[in-house]
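# Sharing a model that was predicted from the sequence below.
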Amino acid sequence: MQPSLAPGDRKILIIAGALIAVISTIALLVSPPGTPPSLGIPSSYSGDSAGAKAAYLLLGELGYRVERWVRPPQELPEWSAHGNSKDTADDPAHIVLVLVDPMVPASNEEKLSLRNFVQQGGQVLVTGAMGSMLAPPHALTTSRRDEIEEKIYRAEIPAPLTRGAPEISMKANSRWASQSGYHMRYYGDDEGGAVVVYEMGKGRVVWWANSSPLTNSGLTESSNLMLFLNSIGDPSTTRVLWDEYYHGERQGFWSYLGRTPIPWSMAQVGLVLAAALFTFGRRSGPMRPLSKESRLSPLEFVETLGDLYQRKGGGAEALAVAYHRFRFLLLKRLGLPPAASVQEIQRGVRERLGWTTPGFSETLQRCELGVKDKSLTGARALHLIQELQDYSRRFGLARAEASN
């Protein structure tokens, strides 16, 4: 009988179940149906008008090696580790890091890693005011006019970046105000540059005042698509790392541990603990005496008797035991006298058991001769005994003996 719950425990369970039901009901009623509204983040996962999923998928269709980057800048490829490799996939000179409107501020260590990546030959496409993580001090300024609608910016100089893109549409509240020989302005207005490229070491940074030209809704406006592709580069040699790290997608603690030897160490510790628990249970369990098998058990008797026959070479004796037992049971079944001949037994089997298949009388005759043959081998005796057991099963002698 299972023990019943105490009244206090039963009351706690009832209250907990009622609370769960109430909370679930409120969640179903309050939760809005369908997809939650977009927060305006130009993420490569977002299919909303402000998302950048179309641009991300387009790069893959055009043959770019593109992947989402969810790790910190400290893990970006370095030239010193792969500079002599024939594979350019890890060479910063062939990598473009896309930072679309970063939302999470970068730490000083992350800014230093980004600058090192660019100085070693990497290229960064960064959009928005947060591009100041790579820009010189006081390079960015805020527009005096609040840009709510899209604005057309015309190309100011012919260059690879403006090829096929005579004008672009962009909605931006930031401008590039810095003047330097390392900074090249390609699109802008009287307040400052809207698309600027500046050198940093062996690499370069392409800065856009806003990410709207590569969003799902803005990619098809004006010549925005050509600006986007010109900013990325040649698909045959370019590897694109589309950053989602600064959109808040970070590798968790467990994914970090998965790349360390800690899981294997924990597995080994668990194995040791399991072995210790098993040995402790063996030593601390109840004491029971060992069970001893009887020396008079049938199996041991059969094995002992078989060893004696084998040692003596008594194949004929073993056959005699099996043959006489078979004759006894069969004659009893047929109602024949013990001295019945092989012919009489054959006739009785045919008439009373309906057995007409040839071969039975030959088996009996071979057994008669084998019993008298002192040189009968063990293999021959075993074969004849197996034939007798088969006929015993066919004639139902074993069942008749068990019933008696």
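Structure received. All of these numbers come straight from a predicted model, not from anything done at the bench.
# any weak-confidence spans in the stretch 1-150 of the chain?
By pLDDT under 70, the low-scoring segments of the stretch 1-150 of the chain are 1-13, 16-17, 19, 24, 27-40, 79-89, 146-148.
# what ranges do the helices span in it?
Assigned by DSSP state H, counting those that start in this stretch, the stretch 1-150 of the chain shows helices spanning 7-30, 53-61, 79-82, 108-119.
# ok, now the stretch 251-400 of the chain?
Assigned by DSSP H, counting those that start in this stretch, the helices in the stretch 251-400 of the chain fall at 253-258, 262-284, 298-312, 315-334, 342-352, 360-372, 378-394, 397-403.
# helices and strands around the fourth one, which ones?
The reference is to helix 315-334. Secondary structure elements in contact with helix 315-334, counted by 3 or more Cβ pairs under 8 Å, 6 or more residues apart in numbering; DSSP states H and E, are helix 298-312, helix 342-352, helix 360-372, helix 378-394, helix 397-403. The way it works is simple: take the backbone N, C-alpha and C, and place the C-beta from them, glycine included.
# right, so of those helices, which gets closest to A93?
Evaluated with Cβ to Cβ, the helices and strands packed on helix 315-334 place helix 298-312 nearest to A93, the distance being 80.5 Å.
# can I see the domain layout of the protein?
Listed domain ranges for the chain are 53-254, 298-403 (source: automatic domain parsing).
# Find the nearest non-adjacent residue to W69, please.
Nearest non-adjacent residue to W69, counting by Cβ to Cβ, 6 or more residues apart in numbering: L241, 4.1 Å away.
# For burial, what's the neighbour tally of the one you found?
L241 sits with 23 neighbouring residues when counted by other Cβ atoms under 10 Å.
# Pull out the buried residues from stretch 129-147.
Buried residues in stretch 129-147, counting neighbours by 16 or more other Cβ atoms under 10 Å, are found at 129-135, 139-140, 143, 147.
# swap that for stretch 376-386, please
For stretch 376-386, the neighbour count (16+ other Cβ under 10 Å) marks 376, 380-381, 384-385 as buried.
# And stretch 100-117, how far out from the chain middle?
Distance of stretch 100-117 from the chain centroid (Cα atoms, centre = their mean, to the nearest Å) equals 33 Å.
# Just the terminal-to-terminal distance for it.
Using Cα to Cα, to the nearest Å, one end of stretch 100-117 lies 17 Å from the other.
# That stretch: which residues count as buried?
In stretch 100-117, counting by 16+ other Cβ under 10 Å, buried: 100-102, 106, 110, 113-117.
# ok, now stretch 319-333?
Neighbour counts over stretch 319-333 (16+ other Cβ under 10 Å) mark 319-320, 322-323, 326-327, 329-331, 333 as buried.
# Return the member of the residues you listed nearest to S236.
A322 (86.3 Å).
# roughly how far apart are that closest one and F360?
According to Cβ to Cβ, to the nearest Å, A322 and F360 sit 16 Å apart.
# residues near the nearest residue to N216 once chain neighbours are set aside, how many?
Leaving aside its chain neighbours, N216 sits nearest to A54 (4.6 Å; criterion: Cβ to Cβ, 6+ apart). Neighbourhood size, A54 [other Cβ under 10 Å]: 18.
# list the contacts for A54?
By Cβ atoms under 8 Å, 6 or more residues apart in numbering, the residues touching A54 are 47, 216, 219.
# Please tell me how far the residue of the chain positioned farthest from its centre sits from V371.
Taking Cα atoms, centre = their mean, the residue of the chain most remote from its mean C-alpha position is A339, at 77.4 Å. To V371, A339 is 15 Å away according to Cβ to Cβ.
# what's the span of stretch 166-175 from first residue to last?
Start-to-end, stretch 166-175 (Cα to Cα) is 20 Å.
# For it, the averaged confidence score.
Mean pLDDT, computed over stretch 166-175, is 90.
# cool, and stretch 352-367?
88.
# With only the CA atoms kept, save it in CSV.
C-alpha atoms of stretch 352-367 as CSV (Å, rounded to 0.1, in the frame of the first residue of the first chain):
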residue,chain,number,x,y,z
ARG,A,352,0.1,-49.1,-35.2
LEU,A,353,1.9,-45.8,-35.7
GLY,A,354,1.4,-45.4,-39.4
TRP,A,355,5.1,-44.8,-40.0
THR,A,356,5.9,-45.8,-43.6
THR,A,357,9.0,-43.7,-44.2
PRO,A,358,12.0,-45.9,-45.1
GLY,A,359,15.2,-45.9,-43.0
PHE,A,360,13.9,-46.9,-39.6
SER,A,361,14.7,-50.6,-39.8
GLU,A,362,18.2,-49.8,-41.1
THR,A,363,18.8,-47.6,-38.1
LEU,A,364,17.7,-50.4,-35.8
GLN,A,365,20.0,-52.9,-37.6
ARG,A,366,23.0,-50.5,-37.4
CYS,A,367,22.3,-50.1,-33.6
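# Just the buried residues of it, please?
360, 363-364, 366-367.
# circling back: could you work out the most separated pair of the buried residues of stretch 100-117?
The largest separation in the buried residues of stretch 100-117, counting by Cβ to Cβ, is between D101 and N116 at 22.8 Å.
# per-residue pLDDT, Q310?
pLDDT, Q310: 69.
# 44 is where my numbering starts, stick with that
Understood, numbering begins at 44; the last thing we discussed is Q353.
# List the residues that contact R370.
381, 388.
# Export the helices and strands packed on helix 358-377 as a markdown table, with columns for distance to S274.
Below are the helices and strands packed on helix 358-377 laid out as a markdown table (distance: least, Cβ to Cβ, whole Å):
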| stretch | distance to S274 |
| --- | --- |
| helix 341-355 | 86 |
| helix 385-395 | 101 |
| helix 403-415 | 96 |
| helix 421-437 | 88 |
| helix 440-446 | 92 |
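# Would you mind saying which of those lies nearest L204?
helix 341-355 (92.0 Å).
# helices or strands up against the longest strand along the chain?
Scanning the chain for the strand with the most residues, using DSSP state E, yields strand 235-243. Using 3+ Cβ pairs under 8 Å, 6+ apart as the contact test, the elements touching strand 235-243 are helix 151-162, strand 217-219, strand 226-232, strand 246-251.
# Would you mind pulling the contact partners of that strand?
158, 161-162, 177-179, 184, 186, 196, 204, 211, 213, 215, 218-220, 223, 225-231, 247-253, 270.
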